[in-house]
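**Q** Just need the structure, nothing else, for what follows:
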Amino acid sequence: MSATAAQEGIPKPRLLRFWETTLGKKAVMAATGAILALFVLAHLIGNLQIFLGPDQFNGYARALRHLPELVWPVRVLLLISVLLHIWSSIELAVVKSEARPAGYRRWKPAGSAYASRTMYWSGPIVAAFVAYHLMQFTFGVGGTPYNRLDPYGNVISGFRVPAVSLFYIFAMALLCLHLRHGLWSLFQTLGFYHPRHTPRIHRAAWLIALFIFFGFISIPVAVMLGVIPPVL
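**A** Residues are numbered from 1 along each chain as shown. You can find the predicted model right below:
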């Protein structure tokens, strides 16, 4: 018996067989999306501390720097989640493409929201924003003044540049459209679909997305309006 024949007789691991199904890919996408959504919410709560003044915000940032045993496992988990989220989205796009290789002669969206039709290009734009955001506020190579010991001042200096603030607001809009559709898809994947509850789930997804959107953009808007003043 050849090695190939012998290998063919070995059953695949259950997790691998589950991943190879469309449901498995959707489950991975939903689980990683939930992890990323929870991080976004936690990140927002941390960022909003900037309204409490430089001492509070810089103290929060300093506390994170002094907790590498917490920060680094979270970073690894987020990186794995992002990679799996992207991978599963690509796999699902391939499955969808193979299911209709010829495409539509005249395409007209029916029953699909704008957010769902833009998931595949809003994701890369948000990823590009996250990369720049890290370069600007974490590594100090984003083209705006940077002081590692003054995160409050870094945020003020960054968002006083209109182009930076506008790009941030645009990216947050895409992120929240992506998030709204992702939250709704998560419930669909879990099987929560009922004429009575579906509208409520839609509204809840919209409310969560809008809360996160207005929470994040309140910071650059407040900086540009002078509500959050620089430290003199």
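**Q** tell me which residues in the longest helix along the chain are buried?
**A** Longest helix of the chain, by residue count under DSSP state H: helix 68-99. For helix 68-99, the neighbour count (16 or more other CB atoms under 10 Å) marks 81, 82, 84, 85, 88, 89, 91, 92 as buried. The way it works is simple: take the backbone N, C-alpha and C, and place the C-beta from them, glycine included.
**Q** Closest one to residue 164 out of these, please.
**A** residue 82 (22.8 Å; CB to CB).
**Q** check contacts around that closest one.
**A** Counting by CB atoms under 8 Å, 6 or more residues apart in numbering, residue 82 touches 32, 36, 127.
**Q** Sort out for me which of the residues you listed are in helices.
**A** 32, 36, 127.
**Q** Helices of this protein, start to end?
**A** Using DSSP H, helices in the chain cover 3-8, 14-19, 22-47, 54-65, 68-99, 114-117, 119-137, 151-159, 162-189, 198-225.
**Q** is it possible to export those helices to a markdown table including mean pLDDT and distance to residue 231?
**A** Output for the helices of the chain, formatted as a markdown table (pLDDT from 0 to 100; distance: least, CB to CB, whole Å):
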| stretch | mean pLDDT | distance to residue 231 |
| --- | --- | --- |
| helix 3-8 | 50 | 65 |
| helix 14-19 | 72 | 51 |
| helix 22-47 | 88 | 17 |
| helix 54-65 | 93 | 5 |
| helix 68-99 | 85 | 25 |
| helix 114-117 | 50 | 39 |
| helix 119-137 | 78 | 16 |
| helix 151-159 | 94 | 6 |
| helix 162-189 | 84 | 19 |
| helix 198-225 | 90 | 13 |
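**Q** Please name whichever of those is nearest to residue 145.
**A** Once CB to CB is applied to the helices of the chain, the stretch that comes out nearest is helix 151-159, at 4.2 Å.
**Q** can you give me the angle the closest one makes with helix 198-225?
**A** Here the directions of helix 151-159 and helix 198-225 differ by 90 degrees (axes from the mean of the first three to the mean of the last three CA atoms, to 10 degrees).
**Q** by contact count, what packs against helix 151-159?
**A** For helix 151-159, the packing partners by 3 or more CB pairs under 8 Å, 6 or more residues apart in numbering; DSSP states H and E come out as helix 54-65, helix 119-137, helix 162-189, helix 198-225.
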